[in-house]
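K.L.:
Show me the folded form of this:
(chains A and B)
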Amino acid sequence: MKSIVQMKIGEEAVIKKIKAKEPVKSRLTAMGVAKGNRLKLLDYTLKKQTWEVDVEGTRVALRKEEAESILID
Amino acid sequence: MKKIKVALVGQPNVGKSSIINSITDAKLHVGNFAGVTVEKKEVLVKKGDYEIDIVDLPGIYSLNAYTPEEHVAKKYLLEEDYDLIINVVDANVLQRNLIFTMQLLDMNKKMILVVNMIDEVEKNGGKIDADKLSSLLGIPVILTSAKENRGVDEIIDKVIEVYNLPKPKRKIFYNEKIEEEIVKLSNILMKSPHFNDKEESRFFIIRLLEKDEDIYKIVHDLPIFLELHEELGESIKKLKLEFDEESVADIFTDERNSLAKSIVMQVMILPQKESLTDKIDKILIHPIFGLPIFLFFMWLLFQLTFQVGSIPMEYIDQTVTNFAQWLKMILPKGDLNSVITDGVIPAVGAIIMFLPNILILFLGINLLEQTGYMARAAFLLDGFLKKFGLQGKAFIPLVSGFGCTVPAYMAARTLKNPKDRLITMLVLGFMNCSARLPVYVLFIAAFFPAHNAGNVLFVIYISGAILGLVVAKILRIVLFKGEPEPFVMEMPPYRFPSVKALLMELWIKAKIFIKKAGTFIAGAAMIVWFLSSYPTDDSLKTEYIKKIEVAANEDEKKALRNELAAKELESSYLGMFGKAIEPIFSPLGFDWRLSVATISGLAAKEVIVSTLATLYAVGEADEHSTTLINKLRENIDFKTAIALIVIIMIYSPCIAAMSTFYAEVPQWAWRAFYTIYPNVLAWTLAFIVYRVLSLFGM
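P.N.:
Just a heads-up that it's a prediction; the model follows:
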């Protein structure tokens, strides 16, 4: 399994696992970043510190640390 | 007349406020939720025999509350008495919203589902089958578009209908194995006399399985807890093993997610993906152009706030002064007259003067927020601000701080994480507000060559900002050591803001500001006025009046009058206080005059200039007065002047700002810390600067 920081912009994948601890995990799942949902990497900032993904129609911004905790196939 | 109490609840950005604003013949009340500074909007609607009271709860993503707003919403849902829930969801992201809807359904209250923004879905060829959705969830469903005023008034009729019907039967069930454990555990809970509703105990068990601490606290004190606790542990272990998950909360998330997915599949024809947001984002969060565009917007916002805002400011100032003078004439002379016309009215005027600034800034922030741009700004800046223990959205309050600290503290409300918000508010004062400018101008004119004035001013502003960022970093490390700084934020699609909602927000903000800050600020300003006007020394006054009468010419009279003003201030409580604290400031080379001026700056920073003018007996003067500049050069040396500038940069902001901070932060410990630490820091740094300069023989 790799994390979404290894994806290319525009690439899509299905979320396999969220490694983040509570309460971040609940936060992520409440926004739709949950196991089994389709995720598309939309963008990241110049230094790859902040990431933007689309999960089932919701755009979510995350920091690198949180992005690394989202695992895909 | 029958009363129906309704809780309006939904995730952020679903358009709850615009629904509230679109209900016809509704009366809006705004207040605060008890004990917290979270805004509470309440709408009253009369229909037939019913009076319907709808409470708009803060946006909440899930019952696993995270932000203070979410805790308020959750607490209300769990503890308050209401007849039914209206759950508003965004049709565009129905699946995500339904996960929360299912958490609400667990509560088994009477409920109505309002699917808002249906126009956006249909415009792109999508469709939602409301009847089918209703039969799957077991609650009534209304499709609405607040923008097109569609379906909104139907909500009220539905509320009355549902209120009069018995509670519908549950339609949503989880996996058999989970339900089995739920039944087993809720049977134990039902043994307690506190629980006689099967559905209620089912909800409690689900929350306990999900390790909900708020529910845990409620059940913890019941005698049944011991037995329940053991069985609960067993069930959790069993379920985790069965489903191969780390926690039961994960299992529920998974269950709800799959249910939501299958429901959406059955009731919804998905719309064509609209690409407008993607297109706009290509420009606005462009890795290279994004930042300059953002900076331009900010520049525009602050230009408008402080340039346009200053136009009514002068007008208000003039009106208030005229009013006070008029009142002074018609009221009988005496202490009461003085209290009202020299104390209360100028103080209240000083508050209202801030209002144009605040309203423009808030209109701008609201606009950024409602269009969806605010989230993009936070996205762009988060990387930079993270280095200092702050987060992206902190930029708005921080930059507002250069204008005026009062609206800046209020702008910090956009930060939802309480720690981020607190740290931002604690360092906001280091962003030099515009009221400090006259003081800097005066001292730079007195102690620096004219051609360097601009550079010195720039250094003062930049070092304030850098100091703020560094202190933020230190606060984050020292006070919130080892705690994670999660940053997960929804980026809502770009939307045209609704004018009605914008104006409504503005009206509410204006009312709250005048009411709350007004009482704080007016009171505080009056105290300062009192301290500087009392006790009065009549013998001193008569002595000087005699002197003035016999004075040879106008110049001499003026000089005597100024001398009297200086002496009066010296003998006032404020003057006594200044003398009493002189020992504190003497290591920085301050005499009692500078000490008093520094203290008077707490009323408002501009006051430092006028106080110095009075104390050095030059009468009324502004920062460009050459007499005052010369007086300062005669009485103060260079290193003392620099120490004073350092103090003004760092020490507590004015009372107006401090009152706003107290109003926004309820915890006494933080209020105390906020009141003390900038002054300690200011003194320490000023002392270091003073010592270093004297080492160099300046």
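K.L.:
Can you name the residue of chain A nearest to chain B?
P.N.:
Nearest residue of chain A to chain B (CB to the nearest CB) works out as A:Q49 at 3.2 Å. Placement of C-beta: from N, CA and C, glycine included.
K.L.:
The helix or strand where B:V478 lies close to chain A?
P.N.:
Here B:V478, judged by DSSP states H and E, is contained in helix B:453-479. No. If you take CB under 8 Å from any CB of the partner chain as the test, helix B:453-479 misses chain A, and the best it gets is 14.4 Å.
K.L.:
So which other helices or strands are in contact with the helix or strand just after that helix?
P.N.:
Using DSSP H and E, the next helix or strand after helix B:453-479 towards the C-terminus is strand B:488-490. Applying 3 or more CB pairs under 8 Å, 6 or more residues apart in numbering or on different chains; DSSP states H and E, we find strand B:488-490 packed against helix A:24-30, strand A:58-63, helix B:373-386.
K.L.:
Contacts for the second one, please.
P.N.:
Identification of contacts with strand A:58-63 by CB atoms under 8 Å, 6 or more residues apart in numbering or on different chains yields A:28, A:31-33, A:42, A:49-54, A:70, B:93, B:96, B:277, B:375, B:378-379, B:382, B:386, B:485-493.
K.L.:
what domains does the record give for chain B?
P.N.:
Using automatic domain parsing, the domain ranges for chain B come out as B:2-164, B:176-243, B:283-432+B:453-485+B:497-521, B:537-695.
K.L.:
and the end-to-end length of the first one?
P.N.:
Read that as domain B:2-164. Domain B:2-164 has an end-to-end distance of 11 Å (CA to CA, to the nearest Å).
K.L.:
Take the helices and strands packed on strand B:488-490 and lay them out in TSV including mean pLDDT.
P.N.:
What follows is the helices and strands packed on strand B:488-490, written out as TSV (pLDDT from 0 to 100):
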stretch	mean pLDDT
helix A:24-30	88
strand A:58-63	93
helix B:373-386	88
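K.L.:
okay, these in a markdown table with mean neighbour count and distance to B:I263 next?
P.N.:
Shown next, in a markdown table, are those (neighbours: other CB atoms under 10 Å in any protein chain shown; distance: least, CB to CB, whole Å):
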| stretch | mean neighbour count | distance to B:I263 |
| --- | --- | --- |
| helix A:24-30 | 24 | 17 |
| strand A:58-63 | 25 | 17 |
| helix B:373-386 | 22 | 28 |
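K.L.:
how about these in CSV, adding distance to B:F673?
P.N.:
Output for these, formatted as CSV (distance: least, CB to CB, whole Å):
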stretch, distance to B:F673
helix A:24-30, 27
strand A:58-63, 27
helix B:373-386, 22
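K.L.:
mean confidence for stretch B:145-162?
P.N.:
Across stretch B:145-162, pLDDT averages out at 92.
K.L.:
The closest residue to A:D73 other than its chain neighbours: neighbouring residues, count only.
P.N.:
Leaving aside its sequence neighbours, A:D73 sits nearest to A:K16 (CB to CB, 6 or more residues apart in numbering or on different chains; 5.8 Å). Neighbour count for A:K16, taken as other CB atoms under 10 Å in any protein chain shown: 13.
K.L.:
For the host helix or strand of A:K16, name the packing helices and strands.
P.N.:
According to DSSP H and E, A:K16 maps onto strand A:12-18. For strand A:12-18, the helices and strands in contact under the criterion 3+ CB pairs under 8 Å, 6+ apart are helix A:24-30, strand A:38-44, strand A:70-72.
K.L.:
Give me the buried positions along stretch B:382-398.
P.N.:
For stretch B:382-398, the neighbour count (16 or more other CB atoms under 10 Å in any protein chain shown) marks B:382-386, B:388-398 as buried.
K.L.:
any idea which of these is closest to chain A?
P.N.:
B:G383 (3.2 Å).
K.L.:
for that closest one, what are its contacts?
P.N.:
A:45-47, A:49-50.
K.L.:
pLDDT, neighbour count and secondary structure for the residues you listed - can I get that in a markdown table?
P.N.:
Listed next are those as a markdown table, based on pLDDT from 0 to 100; neighbours: other CB atoms under 10 Å in any protein chain shown; DSSP: H, G, I helix; E, B strand; the rest coil:
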| residue | pLDDT | neighbour count | secondary structure |
| --- | --- | --- | --- |
| A:T45 | 88 | 21 | coil |
| A:L46 | 83 | 13 | coil |
| A:K47 | 86 | 10 | coil |
| A:Q49 | 88 | 17 | coil |
| A:T50 | 91 | 27 | strand |
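K.L.:
Export the residues you listed as JSON lines, with columns for distance to B:V264.
P.N.:
Converted to JSON lines, those look like this (distance: CB to CB, whole Å):
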{"residue": "A:T45", "distance to B:V264": "32"}
{"residue": "A:L46", "distance to B:V264": "36"}
{"residue": "A:K47", "distance to B:V264": "37"}
{"residue": "A:Q49", "distance to B:V264": "34"}
{"residue": "A:T50", "distance to B:V264": "29"}
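K.L.:
A:K48 against A:I4, yeah?
P.N.:
No. A:K48 is beyond contact range of A:I4, at 11.5 Å (criterion: CB atoms under 8 Å).
K.L.:
Comparing these two, which residue is more hemmed in?
P.N.:
Taking neighbours as other CB under 10 Å, A:K48 and A:I4 compare with A:I4 leading, 23 against 11.
K.L.:
Hmm, A:A67 and the more buried one touching each other?
P.N.:
Yes. Contact criterion CB under 8 Å: A:I4 and A:A67 qualify, at 5.4 Å.
K.L.:
Show me what the lowest-mean-pLDDT helix or strand in chain A is in contact with.
P.N.:
For chain A, counting by mean pLDDT, DSSP states H and E, helix A:24-30 ranks last in confidence among helices and strands (a mean of 88). Here helix A:24-30 makes contact (CB under 8 Å, 6+ apart) with A:18, A:20, A:34, A:60, A:62, A:66, A:69-70, B:11, B:61-62, B:64, B:66, B:99-100, B:249-250, B:253, B:257, B:484, B:486, B:488.
K.L.:
what's near enough to touch B:L28?
P.N.:
B:20-21, B:41-43, B:504.
K.L.:
repeat that for 7 Å
P.N.:
Going by CB atoms under 7 Å, 6 or more residues apart in numbering or on different chains, B:L28 touches B:41, B:43.
K.L.:
Now do the SS call for it.
P.N.:
Recorded secondary structure, B:L28: strand (DSSP: H, G, I helix; E, B strand; the rest coil).
K.L.:
Which pLDDT does the model give it?
P.N.:
Here, the pLDDT recorded for B:L28 equals 82.
K.L.:
Would you verify that B:R170 is located in a strand?
P.N.:
No. In this structure, B:R170 is coil, not part of a strand, as judged by three-state DSSP.
K.L.:
B:V219: which of the helices and strands packed on strand B:488-490 is closest?
P.N.:
helix A:24-30 (20.2 Å; CB to CB).
K.L.:
so how far is the closest one from its chain's centroid?
P.N.:
11 Å (CA atoms, centre = their mean, to the nearest Å).
K.L.:
and if you look at stretch B:61-81?
P.N.:
19 Å.
K.L.:
Could you see whether chain A lies near it?
P.N.:
Yes. Applying CB under 7 Å from any CB of the partner chain, one finds stretch B:61-81 touching chain A at B:61-62, B:64, B:66.
K.L.:
Can you tell me which of these end up in helices?
P.N.:
Of those, none are assigned to helices by DSSP state H.
K.L.:
For the spatially closest residue to B:K169 that is not a sequence neighbour, list the residues it contacts.
P.N.:
Distances taken as CB to CB, 6+ apart place B:G138 nearest to B:K169, at 6.5 Å, with adjacent residues excluded. Shown in contact with B:G138 (CB under 7 Å, 6+ apart): B:168-171.
K.L.:
Kindly reformat these as TSV and extend each row with neighbour count and pLDDT.
P.N.:
Shown next, in TSV, are those (neighbours: other CB atoms under 10 Å in any protein chain shown; pLDDT from 0 to 100):
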residue	neighbour count	pLDDT
B:P168	14	87
B:K169	8	87
B:R170	13	89
B:K171	12	89
